[in-house]
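Colleague: coords please:
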Amino acid sequence: MTDETPWNRTLSAAFEEDLLTDYVPDALGAADIRHRLARGRALGTEPLNIGQLQVPLARRVESIPVLSCAGRAHLLRLTEQALAAHTPRREVFSYRSPRWQYRSAYQARQHHLRALAARPGLPLVLVLDIHRFGRSLPLDTLLRAPWMTEHLAGTLADLERAAGRLLLPGHRWANRLGTAALAPLDDTMAVLAPGRWARWGDDLHVFVRDRGEADTIRSAVATVLAPLGLRLSPDKCHVASVASVLAGPARVIAGRPQELWRTGLANADERALRYALSRTPPDDEVSQTLVGALRGRDALLPRAVHYLDRAAHTPSAQRAATQLLHTAEPLAFTAARLLPLAGRRPHLAREVPDRLLDSAEASGFLPLRELAYRVDILRGRRRPHAPSPRIQSAVLSGLLDPRQLPQTTTLL
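Modeller: Alright, predicted model coming up:
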């Protein structure tokens, strides 16, 4: 099928949402791939172009395998075809369907948790987390799932051989598979605590009457996970008061973004800073304090770049962006966030130092090399050879223009 249909348009929209968690934004904004998905067309012959990226997370730096955009789209299509008839239980809020959106789903879970916390007779919350779920989910568990297809199974086997794992962080298709794989856990919870639980990925919150009930449920969950090749994390599972939920996953961050930025800096509240950066309009105070706020908070860089892109027309943001380009460590992750900003802003492209482009080239990861090539052209130079036929074609056809820009909008 090569005609644009409602299903293909839905798949293309799901892929566009997926790009909000792309660790290496596409040099062409993945516009050509979205178009191919919308038309139901082939995505290319190399869907598993995998690179390793050292990514700063909230509490650690982790080496994460990342796929090219074509690979993401290929696996997303196969996953959605396999899960077409799978519907999670209503207490599952993560990655429910092709039309699922992060922010509205997160708010729905907040509302659900707050409603449960207000119910009488449930003073405690059992918090359960699966030990290294993203790394430990066995291929065999997915192959035995009732919705698995032959084509998806073969591609997942290839992925495991190439990347050493199945559920790649930040990939929508991976979160869809992980959510669906835990359906047996949801069936158990529906019996043991009907209407008193919520799941997001592998994080489970169960509102209980007492510690005895919590112990019973925890034991039952461990039993149902064992045949899936999974086990509970001994460090992350605990029983707490409902107040801890209201201060954690159900916490509502409210207020003017500029005020949240100030209080986030004063209280070293990274969650408030993340919230503020994605919502603050161009603001001189935020721009002037941004580079300092990033010191020791590398995980904020994606949202800082998104803010600078929105504010790039202001002198204070231009100064902050230029300072960031000249002082940032020449790491692959840094290049992956700063080069899209430079690719969208020719005046910033001229400020990109060679060492940042060299770090992208040295990564060996094709999408990052494509970004470097695009920025180098904007600087008025050109590296010896285009890194891919896709970029070469874009250069020859004049597509490296403002209609197809790298993306800085992010959920990271």
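Colleague: mind listing what residue 379 touches?
Modeller: The neighbours of residue 379, taking CB atoms under 8 Å, 6 or more residues apart in numbering as the test, are 349, 350, 352. In short, each C-beta sits where N, CA and C put it, glycine included.
Colleague: ugh, wrong one, I meant residue 336
Modeller: If a contact means CB under 8 Å, 6+ apart, then residue 336 has 23, 24, 25, 53, 360, 368, 371 as its contacts.
Colleague: Residue 319 too?
Modeller: Taking CB under 8 Å, 6+ apart, one finds residue 287 in contact with residue 319.
Colleague: Any idea what residue 129 is bridged to?
Modeller: residue 203 (DSSP bridges).
Colleague: For it, report the pLDDT, please.
Modeller: At residue 129, the predicted lDDT confidence score is 97.
Colleague: still on that earlier bit, now, which of the contacts of residue 379 lie within helices?
Modeller: Mapping the contacts of residue 379 onto helices (DSSP state H) picks out residue 349.
Colleague: who wins for neighbours among the contacts of residue 379?
Modeller: The most crowded member of these, judged by other CB atoms under 10 Å, is residue 352 (24 neighbours).
Colleague: show me the contacts for it.
Modeller: Residue 352 neighbours (CB under 8 Å, 6+ apart): 325, 338, 339, 342, 375, 379.
Colleague: what about it, distance to residue 327?
Modeller: Note on residue 352: its distance to residue 327, by CB to CB, to the nearest Å, is 13 Å.
Colleague: tell me which element residue 65 falls in.
Modeller: strand 61-67 (DSSP states H and E).
Colleague: Residue 180 now?
Modeller: Going by DSSP H and E, residue 180 is in helix 172-181.
Colleague: And for the closest residue to residue 179 other than its chain neighbours, the neighbour number?
Modeller: By the measure of CB to CB, 6 or more residues apart in numbering, the closest residue to residue 179 outside its immediate chain neighbours is residue 95, 4.6 Å from it. Using other CB under 10 Å, residue 95 has 23 other residues around it.
Colleague: and residue 95, what is it in contact with?
Modeller: For residue 95, the contact set (CB under 8 Å, 6+ apart) comprises 172, 175, 176, 178, 179, 201.
Colleague: hmm, 6 Å instead?
Modeller: Shown in contact with residue 95 (CB atoms under 6 Å, 6 or more residues apart in numbering): 175, 176, 179.
Colleague: Local confidence estimate at the first one?
Modeller: What it means is residue 175. For residue 175, pLDDT reads 97.
Colleague: residues near it, how many?
Modeller: For residue 175, using other CB under 10 Å, the count is 23.
Colleague: low pLDDT regions in this structure?
Modeller: 1-2, 44-47, 398-402 (pLDDT under 70).
Colleague: Tell me how the protein divides into domains.
Modeller: 90-130+182-251, 257-396 (automatic domain parsing).
Colleague: As JSON lines, these with distance to residue 405 would be great.
Modeller: Converted to JSON lines, those look like this (distance: least, CB to CB, whole Å):
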{"stretch": "domain 90-130+182-251", "distance to residue 405": "22"}
{"stretch": "domain 257-396", "distance to residue 405": "5"}
